[in-house]
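# I would like to see how this sequence folds:
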Amino acid sequence: MIDNTKYILENIKKMRVKYELNQKELAKKAGVSQSLIAKIEAGKIDPTYSRVKQIFTALENLENKEELKARDIVNKQVMFAQSNDILRDVIKIMKNKGISQIPVLCKEKIVGLITEGIILEKIVYNPERINNYKVSEVMEEAPPIVSLNTGIKTLSALLRDNAIVLAAEKGEIKGIISKADLLGRME
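From the prediction side, this is the model:
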């Protein structure tokens, strides 16, 4: 076996304890005997690769079940702008609703995103055009769309580079997730 085998095997007990399982419960989930778990944790045997894989697969499944999903975080109240809307009207909606970004639709498909940042950028350089801009002229790329089963780790990674993430089920947008929504669940 490889040099760091002992370290890898020590993680079995740490993860078992983290998920508040006793040896018998972990053994059952992994499809191995309780005595095998006990011997591994005591450092008395070097198990086969296939047995270690079974145990780690069971532990991984526990981690995936425990992780928050998009469905747990999603804000179901989504406002949309249409690509042919006048920017001034969208700004009023954003101001009245306290929204900092709005997904843009064209023929029922997500085609872009309007954010406070892009609005400020356009207004600073061409303030006289505020009444003439159409949403399609100033929108950013469309935000990512994920399944309601997407885990918090993936959402966190997507939100590093995007203002929002949309959550969908069977092609229908079910909600929006912002950085604030994600941070609100990490209390």
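
# and Asp72, helix, strand or coil?
Assigned state for Asp72: helix (three-state reduction, DSSP: H, G, I helix; E, B strand; the rest coil).

# And the nearest residue to it once chain neighbours are set aside, how close does it get to Thr115?
Here the nearest residue to Asp72 in space, its sequence neighbours aside, is Arg185; by C-beta to C-beta, 6 or more residues apart in numbering that works out to 7.0 Å. (Each C-beta comes from the backbone N, C-alpha and C, glycine too.) Distance, Arg185 to Thr115, using C-beta to C-beta, to the nearest Å: 22 Å.

# Please say which of these two ends up with more neighbours.
Thr115 (19 against 12; other C-beta atoms under 10 Å).

# Which pLDDT does the model give the residue nearest to Asp72?
pLDDT, Arg185: 70.

# thought it was touching Arg71?
No - Arg185 is beyond contact range of Arg71, at 11.8 Å (criterion: C-beta atoms under 8 Å).

# which residues of the chain fall in strands?
81-82, 101-106, 109-115, 145-147, 164-169, 172-178 (DSSP state E).

# Need those in a markdown table (columns: distance to Lys44 and mean pLDDT).
What follows is the strands of the chain, written out as a markdown table (distance: least, C-beta to C-beta, whole Å; pLDDT from 0 to 100):
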| stretch | distance to Lys44 | mean pLDDT |
| --- | --- | --- |
| strand 81-82 | 65 | 96 |
| strand 101-106 | 57 | 95 |
| strand 109-115 | 57 | 95 |
| strand 145-147 | 43 | 93 |
| strand 164-169 | 47 | 94 |
| strand 172-178 | 47 | 93 |
